[in-house]
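# how would this look folded up:
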Amino acid sequence: MVDDYDTMVRIIRSLLKQLGFTNIEGATSGGEALQKLKGGGYGLVISDCKMEPMSGIDLLQTVRADEALKDTPFIIVTADTRTENVITAKKAGVNNYIVKPFNVGTLKTKIAAVLGEF
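Numbering: from 1, shown residues only. A predicted model of the protein is given here:
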């Protein structure tokens with residue numbers, strides 16, 4: 001889980017725990033997330049879209065360009081519903097897109113669409 005607001009990291013971590021996930025790591029920047037990802041062993045990235053200095057789209061593009069990380073499932077979370085943002089994320093290779101605010105049911109549906117039922 002990547003979000004530059006630590007509170008959002010805690011909220012999504014709590015929702016993921018409700019869904020039965022136990023191995024959850026948070027990062028408060030795209031750079032921190034990228035360092036963790038390069039360490040290996042991650043099965044899913046859930047990233048906020050609007051972060052500085054590395055946005056969620058920038059992180060996604062970096063992940064997709066990295067041979068070792070390119071197949072990592074990636075979900076973007078955003079409050080911005082403009083069509084061009086969804087198109088940009090899709091072109092960058094996002095697996096799914098969640099619009100804030102959302103609940104545990106929405107999160108489960110979006111993750112299941114990417115990973116299959118869990």
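
# which residues touch Cys49?
Residues near Cys49 by C-beta atoms under 8 Å, 6 or more residues apart in numbering: Ser55, Gly56, Ile57, Ile76, Val77, Thr78, Asp80, Asn85, Ala89. Glycine gets a C-beta too; all of them are placed from N, C-alpha and C.

# Asp3 too?
By C-beta under 8 Å, 6+ apart, the neighbours of Asp3 are Val9, Ile12, Gly26, Thr28, Ser47, Asp48, Met51, Val77.

# Can I get the buried ones among those residues as something I can paste into ChimeraX?
ChimeraX command restricting these to the buried ones, with burial defined by 16 or more other C-beta atoms under 10 Å:
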select :9,12,26,28,47,48,51,77
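
# from the contacts of Asp3, which ones fall inside strands?
Ser47, Asp48, Val77 (DSSP state E).

# Please convert those residues to a markdown table, extending it with pLDDT and distance to Lys110.
Listed next are the ones in strands among the contacts of Asp3 as a markdown table, based on pLDDT from 0 to 100; distance: C-beta to C-beta, whole Å:
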| residue | pLDDT | distance to Lys110 |
| --- | --- | --- |
| Ser47 | 98 | 13 |
| Asp48 | 97 | 14 |
| Val77 | 96 | 9 |
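
# Turn the contacts of Asp3 into a markdown table, including distance to Lys36.
As requested, these are arranged in a markdown table below (distance: C-beta to C-beta, whole Å):
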| residue | distance to Lys36 |
| --- | --- |
| Val9 | 13 |
| Ile12 | 16 |
| Gly26 | 9 |
| Thr28 | 11 |
| Ser47 | 12 |
| Asp48 | 15 |
| Met51 | 15 |
| Val77 | 17 |
